[in-house]
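1. Pasted the sequence and its predicted model underneath.
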Amino acid sequence: MKYHSKGSQLKLLISIQPKHANKIFSGEKLFEFRKKIPIYKIKTALVYSSYPTKMIIGEFEIEETLTFTPEELWIKTGHKSGITKEFFNEYFKNTSISHALKIKNPILYNKPKKLSEFGLKRPPQSFMYLRS
């Protein structure tokens, strides 16, 4: 995959369900699965915990992005996925390519941040770029 160089100036804001977001910060989840990934090589992801939390609760470094068939990706990541194989299969149903962001150094904020602190009115559907 070819990445654009201006990605180093950007951060990624990712919407994640609270039960999965919490597992990132407990260390149970070391991979964040995505059907689509950014075109820029991003170093930091901010975690927006969706309804009912609706706040940016922390961040993590993206160590690397893995891209494989769903079967291959589960073999490589399932042990630290924080989800069940059934949930994984349902999420990647009818897809031939799957992605995972490898999580490094997760930081849970002492005080969650509102979207408005970043000049945003609504959260991303999946992810969006933020200027650092």
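-> Received it, and whenever you're ready, just let me know what you need.

2. Please count neighbours and contacts with C-alpha atoms only from this point.
-> OK.

3. Low-confidence bits of the chain, can you list those?
-> Applying pLDDT under 70 to the chain picks out residues 1-8.

4. Grab the most central residue of it for me.
-> The centre of the chain sits closest to Glu32, judged by Cα atoms, centre = their mean, with a distance of 4.6 Å.

5. The helix or strand where that residue lies pairs with which strands?
-> Using DSSP states H and E, Glu32 sits within strand 31-34. In the sheet, strand 31-34 lines up against strand 98-113 (antiparallel) (DSSP bridges).

6. Which residues does the strand it pairs with contact?
-> Contact partners of strand 98-113, identified using Cα atoms under 8 Å, 6 or more residues apart in numbering, comprise 24-25, 30-37, 55-70, 73, 92.

7. Check which residues of that strand are buried.
-> Ser98, His99, Ala100, Leu101, Lys102, Ile103, Lys104, Pro106, Leu108, Pro112 (16 or more other Cα atoms under 10 Å).

8. Now the two most distant members of these.
-> Ser98 and Pro112 (29.9 Å; Cα to Cα).

9. So what would you say the end-to-end distance of stretch 81-98 is?
-> The first residue of stretch 81-98 is 13 Å away from its last residue (Cα to Cα, to the nearest Å).

10. next one: stretch 69-87
-> The straight-line separation of the ends of stretch 69-87 (Cα to Cα) is 16 Å.

11. same deal with stretch 89-102?
-> Across its full length, stretch 89-102 reaches 19 Å between end residues, using Cα to Cα.
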